[in-house]
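J.: Here you go, sequence then predicted model.
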Amino acid sequence: MPHKSNLSDALNVLDDKLRSLGTLAKANSFLVEILRKDRALLEHMGADDVRAMLMKRARLAFGETAGEAADPDVLEVLAGSLTDGRTAEVIPFPSERHQ
């Protein structure tokens, strides 16, 4: 039976990593879409204004008012990347999943 337990543990870890990767992909896709769509506008804004605008749009897209599209994990990744002075260019892979 230990083999089944080890396999189950390994699958759970892989599932968790895949969920994290999916969350990061969704967050990055959101940012790329905005950067493509609103490039001209963003080029004329300061970094703080861009971060504020991106967070506002992220809350609308993934927050509680987004209905079925709500995704608190994506919102958390974006908030962590946009509110502490980082740029929106690269979102680092999280070291551990927050439960």
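T.: Received the coordinates, thanks.
J.: tell me the contacts of residue 69?
T.: 61, 62 (Cβ atoms under 8 Å, 6 or more residues apart in numbering). (C-beta placed from N, C-alpha, C; glycine too.)
J.: how close does it get to residue 62?
T.: 7 Å (Cβ to Cβ, to the nearest Å).
J.: Also residue 83?
T.: Distance of residue 83 to residue 62, computed by Cβ to Cβ: 14 Å.
J.: This protein: helices as residue ranges?
T.: 2-37, 39-43, 47-62, 72-82 (DSSP state H).
J.: Determine which stretch of those is the most buried.
T.: Highest mean neighbour count of those: helix 72-82, a mean of 20 (counted as mean count of other Cβ atoms under 10 Å).
J.: Next, the angle from it to helix 2-37.
T.: Orientation of helix 72-82 against helix 2-37 (axes from the mean of the first three to the mean of the last three Cα atoms, to 10 degrees) gives an angle of 60 degrees.
J.: In TSV, list the helices of the chain along with mean pLDDT.
T.: Below are these laid out as TSV (pLDDT from 0 to 100):
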stretch	mean pLDDT
helix 2-37	89
helix 39-43	89
helix 47-62	93
helix 72-82	92
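J.: if I read this right, residue 57 contacts residue 34, doesn't it?
T.: Yes - contact criterion Cβ atoms under 8 Å: residue 57 and residue 34 qualify, at 6.4 Å.
J.: Can you tell me how far residue 21 is from residue 14?
T.: 10 Å.
J.: for residue 8, same thing?
T.: 11 Å.
J.: go on, residue 67?
T.: Distance from residue 67 to residue 14, by Cβ to Cβ: 30 Å.
J.: repeat for residue 39
T.: For residue 39 relative to residue 14 (Cβ to Cβ), the value is 37 Å.
J.: ditto for residue 56
T.: If you go by Cβ to Cβ, the gap between residue 56 and residue 14 works out to 35 Å.
J.: repeat for residue 73
T.: Taking Cβ to Cβ, one finds residue 73 at 17 Å from residue 14.
J.: Run through the residues that contact the closest residue to residue 58 other than its chain neighbours.
T.: Excluding the flanking residues, the one nearest residue 58 by Cβ to Cβ, 6 or more residues apart in numbering is residue 78, at 4.4 Å. By Cβ under 8 Å, 6+ apart, the residues touching residue 78 are 27, 30, 31, 54, 55, 58, 62, 91.
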